[in-house]
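Visitor: only geometry, no sequence info:
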């Protein structure tokens, strides 16, 4: 009997259960206007390590994903730049209800597992972790891929600052001897071409 996947957000938490066998979770249209002025976002940008026990609703998650590395032009180019337009940085979403991959072209999530993998991505009590992974087969080089992941990371920070969310980029996940990366690779079915670069905790700051 197939397991089921349920995303920890408002509409899906209300009862929408999806099969794990490649099920697609279509996200609502992201917000593409409004938000805080750039200088105010930069002034508010900070790292947050303590979070409220509150899930992100569908609209917030949708705009977060699009802001991080979504499609922003008809030719498929992204909100984050990439060397030679390789688009090699992929995002995986980890919640209490499981893990999925983000498809920027479809603006949708693909269910991968119903296992809560957040403790492998970081030690904070965040409702969501974003795993930034490079597809080495598409990357013009891993030095470029790490720079491109940095662009995505900054987009996450800027959106969170604008939306009243907190985030923390976690590079220790790739530290030599850290078993978490290997465990995530196995759980998510990664081949040798997938290189984990960063994880990001995301949630509502505990002090607000």
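Guide: Received it, and whenever you're ready, just let me know what you need. Remember, predicted model here, so these are calculated numbers, not experimental data. Residues are numbered from 1 along each chain as shown.
Visitor: Could you look up the SS state of residue 93?
Guide: Following DSSP: H, G, I helix; E, B strand; the rest coil, the label given to residue 93 is strand.
Visitor: Show the subsequent helix or strand relative to the top helix by length along the chain.
Guide: Of all segments of type helix in the chain, defined using DSSP state H, the longest is helix 142-163. Where DSSP states H and E defines the elements, the next helix or strand beyond helix 142-163 is strand 166-170.
Visitor: Can you pull up the most central residue in the chain?
Guide: residue 130 (3.0 Å; CA atoms, centre = their mean).
Visitor: Quick check: neighbours of the longest strand seen in the chain in the sheet, parallel or antiparallel?
Guide: Longest strand of the chain, by residue count under DSSP state E: strand 194-203. In the sheet, strand 194-203 lines up against strand 128-135 (antiparallel), strand 166-170 (antiparallel) (DSSP bridges).
Visitor: Next, the buried residues of it.
Guide: 194-203 (16 or more other CB atoms under 10 Å). (Each C-beta comes from the backbone N, C-alpha and C, glycine too.)
Visitor: any idea of the angle it forms with helix 142-163?
Guide: Angle of strand 194-203 versus helix 142-163, following axes from the mean of the first three to the mean of the last three CA atoms, to 10 degrees, is 10 degrees.
Visitor: Just put the strands paired with strand 194-203 in CSV and tack on mean pLDDT and distance to residue 25.
Guide: CSV is the format used below for the strands paired with strand 194-203 (pLDDT from 0 to 100; distance: least, CB to CB, whole Å):
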stretch, mean pLDDT, distance to residue 25
strand 128-135, 98, 14
strand 166-170, 98, 22
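Visitor: Adding distance to residue 105, write these out as TSV.
Guide: Listed next are those as TSV, based on distance: least, CB to CB, whole Å:
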stretch	distance to residue 105
strand 128-135	14
strand 166-170	24
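Visitor: Let me know which of those strands is the nearest to residue 149.
Guide: If you check each of the strands paired with strand 194-203 against residue 149 by CB to CB, strand 128-135 wins as the nearest, at 4.8 Å.
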